[in-house]
Every structure is written in structure tokens, then in C-alpha cells.
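In: 3D model of this:
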Amino acid sequence: MSFKRSTIFIPKTFAAFDDSVHEIVVLGDSVGEVFHVCVWLVDTSLETSVRLDMSPSYTDPANLMQGIVSLQSLPYTHTSNHNSVERTDPFTCKIAGGVNLTVASICHAIFNEARLDRYVFDDSGNGCRQWCAQVVCELEKKNYIPKGSITRFKDWEDKQYAVLGSRFPMPRIMGKFN
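Out: Presented below is the predicted three-dimensional model:
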């Protein structure tokens, strides 16, 4: 069996694998006519975060829409808007009580176990929110976040669509996992 694995880009200076994670946040930043949505792993005690940004690679001529995940350690949480861009409301899930998670344990769960790094965007390069929804779904399955989180995510999408309209397309644009 052969498969293409997306690239996971981790800067040499990345030192956040041992950081605690207290919240999972999904948040979209305006990029023109739509919102690009990412997952944030938030350490509320240090007020820091790691952003997981799944985007099309545009580098493989055989598959320009193959995803690439960038991990970026940030000295602030999702609540800081350093780029002053329009944002969606955040979708936030607290880590389930009694579960101690780190950035490394979440990356292991979503990349090594669930293989969510094997994502291909649709032909126009859209589908980041579908990837984020799958992250929420997998973390709920592992009981890392409360039951019902994926249902709350769908409700959050409906609310964002009601406010943002076509800039937050519904139904959700789907890529695929290979």
C-alpha cells in the first residue's frame, strides 16, 4: 500500500512539544473573501499557544493540493490579534477533567494515530475547516475534550455562517484524507 503523507513543518527553534494544553481553539482569520481556519493548542497558565495551520502545499506538481501542516509556537494565545485581521468567533473546548495533555501528545494522537496529516484540499485549495473539524472529532473520540464537542462545532459553524455569510461557506467545503 502506498500513500502520500503531508509535510509537517516544524521550525528548528520549535521547543513547545512539552508545553501543557488546556484548551483547543478553532479560529478563522480573514484572507480576502473567505476565512482560513486553524487549530490552536492553548496553555492558559503560560498564556501561550501552538497554532496548527493546515494549508495546500502547492509544491508537488503531481498534487498541488496535498496538505502541509505548519506548527508555530506563539508567545500569546488566540485572543491576541497581532495581525489586526477580521476573525471568526473562536470555537473553544477545554481539555476534559483529569486529562493531562501536551503539544506532543496531541500531535501524536492526530498525526501518528489518526493520520490527519494525510489531507488533500479540494481543487480550489479550500477545505481547512474540514481538517479542523476532524481534529475536534478525533480528540473527542479519545476523550481528550468533552463529549458533544463535534456537535457544538457544527453549531458554531452555523452561527459563523449566519454572521459572515458566503465568507464562511456552508455546507463545509470538503477535502479528503488519503
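In: three-state assignment of the spatially most central residue of the chain?
Out: For the chain, the residue nearest the mean C-alpha position is residue 39 (2.7 Å; CA atoms, centre = their mean). Put simply, residue 39 is strand when judged by DSSP: H, G, I helix; E, B strand; the rest coil.
In: Please report the distance of it from residue 64.
Out: 23 Å (CB to CB, to the nearest Å). Yep, even glycine has a C-beta here, placed from its N, CA and C like the rest.
In: Quick check: the gap between the residue lying closest to the residue nearest to the centre of the chain once chain neighbours are set aside and residue 38.
Out: Spatially, and ignoring its direct neighbours in sequence, residue 39 is nearest to residue 52 (4.3 Å; CB to CB, 6 or more residues apart in numbering). For residue 52, the distance to residue 38 equals 6 Å [CB to CB].
In: Kindly list the longest helix within the chain.
Out: Scanning the chain for the helix with the most residues, using DSSP state H, yields helix 149-164.
In: Go ahead and name everything in contact with the helix or strand just after that one.
Out: Sequence-wise, the next helix or strand downstream of helix 149-164 (DSSP states H and E) is strand 176-177. With contacts defined as CB atoms under 8 Å, 6 or more residues apart in numbering, strand 176-177 is touched by 115-116, 118-120, 134.
In: Now render those residues as a markdown table, adding pLDDT and distance to residue 47.
Out: Output for these, formatted as a markdown table (pLDDT from 0 to 100; distance: CB to CB, whole Å):
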| residue | pLDDT | distance to residue 47 |
| --- | --- | --- |
| 115 | 94 | 31 |
| 116 | 95 | 27 |
| 118 | 92 | 33 |
| 119 | 95 | 30 |
| 120 | 95 | 35 |
| 134 | 98 | 27 |
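In: still on that earlier bit, for the longest helix of the chain, name the packing helices and strands.
Out: strand 23-31, strand 91-94, helix 128-141 (3 or more CB pairs under 8 Å, 6 or more residues apart in numbering; DSSP states H and E).
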